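*Asks:* Here is a sequence with its predicted model. Questions after.
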Amino acid sequence: MGRCNCRSAREWRRLNLRPCSSWHSGSTMGGAMGIAEERRIYPRPPIVEAVVEFTFQDPLPSNALLTALEDRLKERYGGKKEKQEVVRVSARIEEQHVSTSTSREEHVTFLRTTDGLRLIGCGSDLLSLHVLAPYPGWESFEEQILEAVNALPDNIRQARVSSISVRYIDRLTLPPGAESPADFLTCLPLRPAGLPSTLAAFSVETQTADTETETFAQLRVAGAEGGDAEERFHVTYDLALQRRPREGFALADGKWKQVVDELHLKQREVFEASITDNMRELFQ
């Protein structure tokens, strides 16, 4: 994602694209759902992973999160633990000599359910909850989040949180023979005049901020043909929303619930505004 790949001639796809200033003409093929519209529940949601993350203002005592949750939720999260490390490289410059050294530091340890579909990430200053496909629905994921927060000891629940994030990663696959991604997506990149009309691949990242609510968003959308026998067009849709309140608050006071709900609603609003009814039909 984000890399430019040299493609052979057979990988290029000729699409029936409109000669306008973007690969999306502005039509939503039936309109996008606003936040006030009735909630849509798809039988086959395209969600690959959903994440809710809490970042603490100050680092917690070593392995405090991991020890507490591993002990209190061991029956549910009995799968194999996974450690994610950070490799740090440092350099020292002396006369006519440069020396480098590397070190590995544990960043996050993940607890897993036995089926591997639900995870809890425990770091020195963060707690993250993950659910993998098949997506069980927001209410089920919400229960997972609440269970983990309630399992925290009082000293951690009283620690102040500096940010809360909600992130959804979707895998969108257009049907064989689809003529134009613009019939399915409203968030395609602009095409300058004179650029060839064949869309072989794209990658776009957008970062926006609402200073009034202290909400930040990062949307990454990338698409390309290939990856299966039918060489269909595949799109990765990755949206992360983060709230950074001016004054942090503790998990114990319950304010985090409203923040998570608001970010989740905003995520749904943005996603629905990014797709057309043609795409929605694929989730039925």
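*Replies:* Thanks, I have the structure now.
*Asks:* low-scoring stretches of the chain, by residue?
*Replies:* Confidence mapping of the chain against pLDDT under 70 gives the ranges 1-38, 85-106, 227-229.
*Asks:* Just the CA atoms of the longest helix seen in it, as PDB, please.
*Replies:* If you go by DSSP state H, the chain has its longest helix at helix 255-274. Extracted as PDB, the C-alpha positions of helix 255-274 are listed here (Å, rounded to 0.1, in the frame of the first residue of the first chain):
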ATOM      1  CA  LYS A 255     -16.700   9.200  29.700                       C
ATOM      2  CA  TRP A 256     -14.800   6.900  27.200                       C
ATOM      3  CA  LYS A 257     -18.100   5.100  26.300                       C
ATOM      4  CA  GLN A 258     -19.600   8.200  24.800                       C
ATOM      5  CA  VAL A 259     -16.400   9.000  22.900                       C
ATOM      6  CA  VAL A 260     -16.100   5.500  21.500                       C
ATOM      7  CA  ASP A 261     -19.800   5.600  20.400                       C
ATOM      8  CA  GLU A 262     -19.300   9.000  18.700                       C
ATOM      9  CA  LEU A 263     -16.200   7.900  16.800                       C
ATOM     10  CA  HIS A 264     -18.000   4.700  15.700                       C
ATOM     11  CA  LEU A 265     -20.900   6.600  14.400                       C
ATOM     12  CA  LYS A 266     -18.600   9.000  12.600                       C
ATOM     13  CA  GLN A 267     -16.800   6.000  11.100                       C
ATOM     14  CA  ARG A 268     -20.100   4.600   9.700                       C
ATOM     15  CA  GLU A 269     -21.000   8.000   8.300                       C
ATOM     16  CA  VAL A 270     -17.700   8.400   6.500                       C
ATOM     17  CA  PHE A 271     -17.700   4.800   5.200                       C
ATOM     18  CA  GLU A 272     -21.300   5.100   3.900                       C
ATOM     19  CA  ALA A 273     -20.400   8.400   2.200                       C
ATOM     20  CA  SER A 274     -17.500   6.600   0.500                       C
END
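*Asks:* Can you list the buried residues in it?
*Replies:* In terms of neighbour count (16 or more other CB atoms under 10 Å), helix 255-274 has its buried residues at 256, 259-260, 262-264, 266-272, 274. All C-beta atoms are positioned from the backbone trio N, CA, C, and that covers glycine.
*Asks:* can you check stretch 158-171 too?
*Replies:* Those would be 159, 161-170, for stretch 158-171 by 16+ other CB under 10 Å.
*Asks:* For the longest helix of the chain, which helices and strands make contact with it?
*Replies:* Using 3 or more CB pairs under 8 Å, 6 or more residues apart in numbering; DSSP states H and E, the elements in contact with helix 255-274 are helix 138-150, strand 160-173, strand 215-225, strand 233-243.
*Asks:* Can you name the element that comes right after that helix?
*Replies:* The helix or strand immediately downstream of helix 255-274 is helix 277-281, counting by DSSP states H and E.
*Asks:* picking that back up, next, the angle from the longest helix of the chain to strand 160-173.
*Replies:* Counting by axes from the mean of the first three to the mean of the last three CA atoms, to 10 degrees, helix 255-274 points 30 degrees away from the direction of strand 160-173.
*Asks:* can you state the direction angle for helix 255-274 and strand 215-225?
*Replies:* 40 degrees.
*Asks:* Show residues contacting helix 255-274.
*Replies:* With CB atoms under 8 Å, 6 or more residues apart in numbering as the test, helix 255-274 has contacts from 32-35, 37, 39-40, 52, 54, 138, 142, 145-146, 149, 161, 164-166, 168, 170, 185-187, 215, 217, 219, 221, 237, 239, 241-243, 245, 249.
*Asks:* count of neighbours near P189?
*Replies:* The burial count assigned to P189 is 15, neighbours taken as other CB atoms under 10 Å.
*Asks:* on that earlier part again, let me have the helices and strands packed on helix 255-274 in TSV, extended by distance to L132.
*Replies:* Converted to TSV, the helices and strands packed on helix 255-274 look like this (distance: least, CB to CB, whole Å):
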stretch	distance to L132
helix 138-150	11
strand 160-173	10
strand 215-225	19
strand 233-243	15
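*Asks:* Those: which one's closest to K80?
*Replies:* helix 138-150 (18.4 Å; CB to CB).
*Asks:* Specify the next element, helix or strand, located C-terminal of that closest one.
*Replies:* Sequence order places helix 154-157 as the next helix or strand after helix 138-150, per DSSP H and E.
*Asks:* Can you get me a residue count around the residue lying closest to Q207 once chain neighbours are set aside?
*Replies:* Excluding the flanking residues, the one nearest Q207 by CB to CB, 6 or more residues apart in numbering is Q218, at 5.1 Å. For Q218, the neighbour count with other CB under 10 Å is 15.
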